[in-house]
Each structure stands twice: as structure tokens, then as C-alpha cells.
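**Student:** Okay, sequence plus prediction incoming.
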Amino acid sequence: MKKYSQGWIIVGWAALALSAMVAGIIAIHGAGEEGARVTIRATARTSFVLFLTAFTATALVRFWPGGLTRWVRANRRYIGVSFGVSHAFHAIGILALAFITSGASIRETDASALVGGLLAYLFIAAMVFTSFDRTAAMLGQKKWQILHTTGMYYLWAIFFISYGERAVVSIFYAPLALLLISAIALRFAASVKRRRLVAAKGA
């Protein structure tokens, strides 16, 4: 059973589940504007869950070591790539909506949001591309660390701005914004704890 829940197979399962979800949405809502909008919302949520899981993986195991948190930490790379797959479906939904509305959905979007979203996708593409052993080795450990750390925090900021703005007008988004705040606070606390442990060992 382990081989079906470890490593790259996780990305395969994620892609299969996302494909089934999108197919179900199209079957229920159609391949028109409504179907595209529901797909965009649904994939934004799956991306949020996968991103938050990868973002907090190390911090979770530091505070609550156990079978599940160790599994998440060990498979963080594949959860992160699954996030990339989810956001690829999200991009397809955005492009489909733009096509269906003859570009109106793009023209209605604020220019800063378009630029911010494009930069987010560039980070996602770069992070997924360097999630393979060979490409990571080509980039080098230091540059890899800078890319992935910067990318993760940038994506956190994009999610927070998106859900934070929505939380002002809809209470539904408030828990999502609070989860993001909790996630970054947890990472900070885990970093402080690690430094204290290192200092204690060196004393």
C-alpha cells in the first residue's frame, strides 16, 4: 500500500481527482460561462488546500510529530507539484472564461491583479520545473532555496490579498484569511523553535 501513497504517485492521484472534479462540474453546470466560473472557484479552493499543506509541512511536524505530519513532510515536494497541477486547471478555467466572454473577463480584471497573477504563475512554473532531482541539481542548492522560499511567500501573499479583500465583503472568506495568518505564524514559531534547539546544542 505504501507505494500507492508515497512519491510521484501522489501527483497522479491529484491529477486524476482534479480531472474528475472538473468533469463533474462541466457535467452539472455545462461547458459555458457558469461551468468555467464554477471551475475557477473550485480549483482555487483545491489549490489553497494543497498550498497550505505544503507551506506548513515542516512546521506541523516540528510541533506535532506523528504519522500524518511526517507523511506530509516527507511528501511535501509532491504535494507542492500537485498544487501546481491544481493551478494549471485553474488557469485553464480562466482562459476558457476569457474565450467564452470574448475577453470581457480579462478586461474587467484590475491590471495589478493580472500582473500579480502572471508573476504567481511564473513562480509556480519555476518551482514545479525545479522539483525534479536533475533540475534542482542544475540550479544548485542555494538558488533552489531562494527560489522556493521566495515563491512560497509570494504565493502566500497572493492568497492573503485575494481572500483578505473578499473577507471584507463576505464573512465566508474570513476563515480562509485567518488560516493563512495562522500558517505564517506557525512557520515563524517553528523557525524560532529550531534556532533555539540549535543554540542549545551548541551551548
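**Tutor:** Done, it's in.

**Student:** Can you report how many residues lie near residue 43?
**Tutor:** Around residue 43 there are 24 other residues, counting by other C-beta atoms under 10 Å. C-betas here are computed from N, CA, C, even on glycine.

**Student:** swap in residue 191?
**Tutor:** Using other C-beta under 10 Å, residue 191 is surrounded by 13 other residues.

**Student:** Please report the distance of it from residue 146.
**Tutor:** To residue 146, residue 191 is 16 Å away according to C-beta to C-beta, to the nearest Å.

**Student:** how about the spatially most central residue of the chain, what does it touch?
**Tutor:** Centroid-nearest residue in the chain, with C-alpha atoms, centre = their mean: residue 51, separated by 2.8 Å. Going by C-beta atoms under 8 Å, 6 or more residues apart in numbering, residue 51 touches 83, 155-156, 159.

**Student:** In PyMOL, how would I select the buried members of these?
**Tutor:** Entered in PyMOL, the line below selects the buried ones among the contacts of residue 51, by 16 or more other C-beta atoms under 10 Å:
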select buried, resi 83+155+156+159
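
**Student:** Reformat the contacts of residue 51 into CSV and put pLDDT next to each item.
**Tutor:** Below are these laid out as CSV (pLDDT from 0 to 100):
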residue, pLDDT
83, 98
155, 97
156, 97
159, 96
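
**Student:** Pull the most distant pair out of the contacts of residue 51.
**Tutor:** 83 and 156 (12.1 Å; C-beta to C-beta).

**Student:** which outside residues touch stretch 192-203?
**Tutor:** Outside stretch 192-203, the residues touching it (C-beta under 8 Å, 6+ apart) are 62-63.

**Student:** For it, list the C-alpha coordinates in CSV.
**Tutor:** C-alpha atoms of stretch 192-203 as CSV (Å, rounded to 0.1, in the frame of the first residue of the first chain):
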residue,chain,number,x,y,z
VAL,A,192,12.2,30.2,16.3
LYS,A,193,12.0,26.8,17.9
ARG,A,194,14.6,25.3,15.5
ARG,A,195,17.0,28.2,16.2
ARG,A,196,16.6,27.7,20.0
LEU,A,197,17.3,24.0,19.6
VAL,A,198,20.4,24.6,17.5
ALA,A,199,21.6,27.2,20.0
ALA,A,200,21.0,24.8,22.9
LYS,A,201,23.0,22.1,21.2
GLY,A,202,25.8,24.5,20.5
ALA,A,203,26.0,25.8,24.1
